[in-house]
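Q: give me a 3D structure for the following:
(chains A and B)
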Amino acid sequence: MLEVDGLRKRYGDTVALDGVSLTVRSGEMFGFVGANGAGKTTTMRIVMGVLSSDGGEVRWNGDRAGHETRRRFGYMPEERGLYAKMRVGEQIEYFGRLGGMSPQAAKRSADELIERLSLTERRGDDVDSLSLGNQQRVQLAVALIHGPELLVLDEPFSGLDPIAVDALAGVLAERKAAGVPVVFSSHQLDLVERLCDSVGIIKAGRMIAGGTVEELRARESRKRLRIVVTGALPGWADRLPGEIVAKTDRTFGDGARYDEVILTPTDDQEALRVAAQAGQVQHFAWQEPSLAEIFREVVA
Amino acid sequence: MNAVTLVARREIDVRSRTKGFRYGLLVTAVLVAVLAALPKLIGGGSDYTVGLAGQQADRLQAALAAQAAQAGDVTVTVTRYADEAAARKGVEDGDVEAAVVDNATVIAKTVVGDSLAVMLDTAHRAVATEANLTAAGLDPAKVGQAQRVGPMKAVSLNGTGEDATIRRVLAMVIVVILFMLLIQVCTWVAMGVVEEKGSRIVEILLTAVRPWQLLAGKVIGLGVLGLSQVIVIAVVGLAAAQITGAVPDLPEGTYGVVAGAVVWFLLGYVFYAAMFAAIASLVSRQEELSGVLTPATMLLMASYLVGFVAAGAPDSTLTHVLSIVPPFSAMVMPVRSAVVDVPLWETGLAAGLMIVAAVAVLLLGGRIYQRAVLRTGARVKWREALASAS
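A: Here you go, the predicted model:
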C-alpha cells in the first residue's frame, strides 16, 4: 500500500505542493487528475525519490520509503527518456539489471515484455529508429522489466493511438490484477473513468476531491435531469421548473421537432408533467455526471 | 554486479560500438604504425652500381665494399672497365650510376646522388691518403691505428646523459597523448551527462541508482575505454617500430616514466572528468555544452601548453613550480620526470597535492551534479549550483 502523507514543496516563492495526501491500496488503480501545473508531476517525482520534499512523507507498506524500496518501484516519467543509441532489447535488460535482476532473469523478463508489447522485430534496433508509439512501448517495458511492486506512470497515455491505448490499458490491468497498485496521471478523463478504481483531483497543490468515481458522483449535490421531447411547440421548455443548464433543439425537414434539455429541477414530478404535456417524452432520467463534468465542477 | 559496474559496462559497450570510436581508433592506429615505420620506409636500404677503371681500382673496390658492409643496408655492385672510354659507355648506357677513373675522375650522366657521392668521396680519400702515406715511407696500418680515437664521454650533471634527445621526444609524446586523451574522454563524460539529463532518462536512472553511482560508473567506464585506447595505440606503435627496426634503444627508466605517466593520467582524469561532469550537469542541451565548458577546456589547454614548454625547459623555475601545483602537475610532472631526474619528495608532494585537488573536485562536482542534473530547462546558474551544493 502506498501512502502519501502531507507532502509540501516550494520552488522559491511558488508553492507547488501544499499538503498532498493520497492512498493507493494493493490491486487498486488510481487516477491522478488535475490541470497543468497543479502538482501531479511534482507529487510523482517525490514518490519516486527523484525530487526531495520540503515536508510530509511517502510510506510503502507502512514504512518510510527509502532508496532500496524505490528500486522496486516502476516509473514512467512525464518527459520520456531512453538512450537513443542503444538497442531496444539491451536497453530494457539494462534497466532490469539496475533494478537488481540477475542477467538471466533480466533477459527472460525482457523477452516476455518484448513479446507482449509486439516489439520482437525491433529488438536489435536502436531506439531512435523507432516510431514514437514504439518508443513509448519501450518506455513502458523499462518501467515494468523488474516486476515492480508499485507502478507510477506520468501521462502514460498521451500521444498514443486508440489501439496502443488499449494495449497499454491491458498491460496495466494485468499488473493491477496481480496485486500491484498503479498510479497514473492523465488528462483523458474518460479513460481515467473507465480504468480507475479511485480518482484524486488536485488543484494548486492541494487534493480537492478523492474517492471512487461513484463516491464523487454521490458528492455531486446538484442533480440534473436529461429530458428529450419530440413534437413540442417552441417555448415549451420555459415552463419547466428549475434552471436549464443546456438546451438543444432541432427542426427536421418535415417540420418534426426534437428538443433536448438538461435541467436542474426544483420539482422533478412537475417537470415530467410539463414535458408530457408539451410532446412525446423520449427520454426522462437523472443524468450521471461524467468524470469530466465532476472535474470541471470541482476545479472551477 | 553493483550499480557502478553496470553503469561503467554500459558506457564501454555503447561507446565502443559507435562508428566514431571504431574508425577513430583504426585511423589513429594506422597513423601511428605508419609514423613509427616511416624512418625505415623513407630511409630504407639502397643499391648502387659503380664502374671502376684505371689505377687503384682494386683498392677503391675494397674501400667501397668495406663502407657498404659497415652501413648494413647498402649494397654496392662494382663493374670493372678496361679504360675510360669503356667506363663512359657504361655510364651512358645506364649500366652503372657513376664511374671512377684512375681514382681521380668521377663520371656521371648529370650529377652523382648525395649518398653515393659521399661514399665515393670517402673511398677516394681513403685510397689516396693510403697511397700518399706509402709514398712518404709510412705504414698506412700504423697511421690508421694512431688515428683511431674514441669519442669523448658525455657527462650530464642532471643525470640524463646522452639520451637527452630521446627523453625529450618521449616527454613530448607523453604530453600530447595525455592532453588528447584527457580532452577526448572528459568530453565523452560531459556529453554523456547532457545526454542523460537532456533526454530525462536520468529520472528513471536515479530511481534505481544513486547520483554518485551514476557519475562514478560513467567516469570509470569511459576512463577504462580511454586507457585501453592508449594501450592499443602504444602496442601498435611499438610493434610497428620493432618490426621495421626503427626504434632506437630506449633510455634507461623509460618504462618507469611511462608507468608514471599512466598514474598521472588517472589523477588528472579524475580531476577533469569530475569538473566536466559537474559543469555539464548545468545545461540540458548539447549545443550549450561547449560554451559552458569553455573555462574547463581553457584550463586543460593551459596545462597542455605549460607541459609542452616544460618539455623544452625541464630545469626552469616555472617548470619546477608548475610540476607541483595541481592541476598543472598532472601534465608537467610526467614531462619533467621524463627529461630529468626528479627528487622523490617533489614527486610525492606533487602527487599528494593532486590527489587532494582531485578528491576536492570530485566531492564538490558530485554535489553540483546531484543537485543540477534533475533541474532541466534553463541553464542552472553557477551561483545556484554552488549555493545548493554547500
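
Q: buried residues in stretch B:56-76, which are they?
A: By 16 or more other Cβ atoms under 10 Å in any protein chain shown, the buried positions in stretch B:56-76 come out as B:56-57, B:59-61, B:63-64, B:67-68, B:74, B:76. For every residue, glycine as well, the C-beta is placed using N, CA and C.

Q: contacts for it, please.
A: Residues outside stretch B:56-76 that contact it (Cβ atoms under 8 Å, 6 or more residues apart in numbering or on different chains) are B:44-50, B:52, B:78, B:80, B:100, B:102-103, B:119-120, B:122-124, B:126-127, B:130-131.

Q: let's see 6 Å
A: Residues outside stretch B:56-76 that contact it (Cβ atoms under 6 Å, 6 or more residues apart in numbering or on different chains): B:45-48, B:50, B:52, B:78, B:103, B:119, B:123, B:126-127.

Q: can you pull the residues of chain B lying near chain A?
A: Remark: the part of chain B in contact with chain A comprises B:6, B:10, B:14, B:199-201, B:203-204, B:206-209, B:374, using Cβ under 6 Å from any Cβ of the partner chain.

Q: now neighbour count and pLDDT too, for these, in a markdown table please.
A: A markdown table is the format used below for the residues of chain B next to chain A (neighbours: other Cβ atoms under 10 Å in any protein chain shown; pLDDT from 0 to 100):
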| residue | neighbour count | pLDDT |
| --- | --- | --- |
| B:6 | 19 | 93 |
| B:10 | 21 | 93 |
| B:14 | 19 | 89 |
| B:199 | 19 | 83 |
| B:200 | 19 | 83 |
| B:201 | 23 | 88 |
| B:203 | 25 | 87 |
| B:204 | 25 | 89 |
| B:206 | 24 | 87 |
| B:207 | 26 | 87 |
| B:208 | 23 | 87 |
| B:209 | 22 | 88 |
| B:374 | 17 | 74 |
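
Q: from those, which two are the most distant?
A: Comparing every pair within the residues of chain B next to chain A by Cβ to Cβ identifies B:14 and B:374 as the most remote, at 22.3 Å.

Q: care to break the chain down by domain?
A: You didn't pick a chain, so chain A it is. Chain A breaks down into these domains under automatic domain parsing: A:2-218, A:220-288.

Q: chain B was what I was after
A: Here the domain parsing of chain B from automatic domain parsing is B:3-36+B:162-389, B:47-139.

Q: among those domains, which is the most enclosed?
A: Across the domains of chain B, averaging neighbours per residue (mean count of other Cβ atoms under 10 Å in any protein chain shown) puts domain B:3-36+B:162-389 on top, at a mean of 19.

Q: look at residue 134 and report its pLDDT.
A: Picking chain A for this. Reported pLDDT at residue A:134 in the predicted model: 87.

Q: nope, chain B
A: We have a pLDDT of 86 for residue B:134.

Q: residues near residue A:61, how many?
A: When neighbours are defined as other Cβ atoms under 10 Å in any protein chain shown, residue A:61 has 12 of them.

Q: ok so, going back, wait, which of the domains of chain A is closest to residue B:339?
A: Among these, the nearest to residue B:339 by Cβ to Cβ is domain A:2-218 (42.7 Å).

Q: ok, and does the closest one reach over to chain B?
A: Yes: Domain A:2-218 lies within reach of chain B by Cβ under 6 Å from any Cβ, at A:48, A:50, A:70-71, A:75, A:77, A:79, A:81, A:86, A:94, A:97-99.

Q: now, among those residues, which is nearest to residue A:130?
A: When these are compared against residue A:130 (criterion: Cβ to Cβ), the nearest one is residue A:86, at 11.5 Å.

Q: quick check, pLDDT for the closest one.
A: As predicted, residue A:86 sits at a pLDDT of 90.
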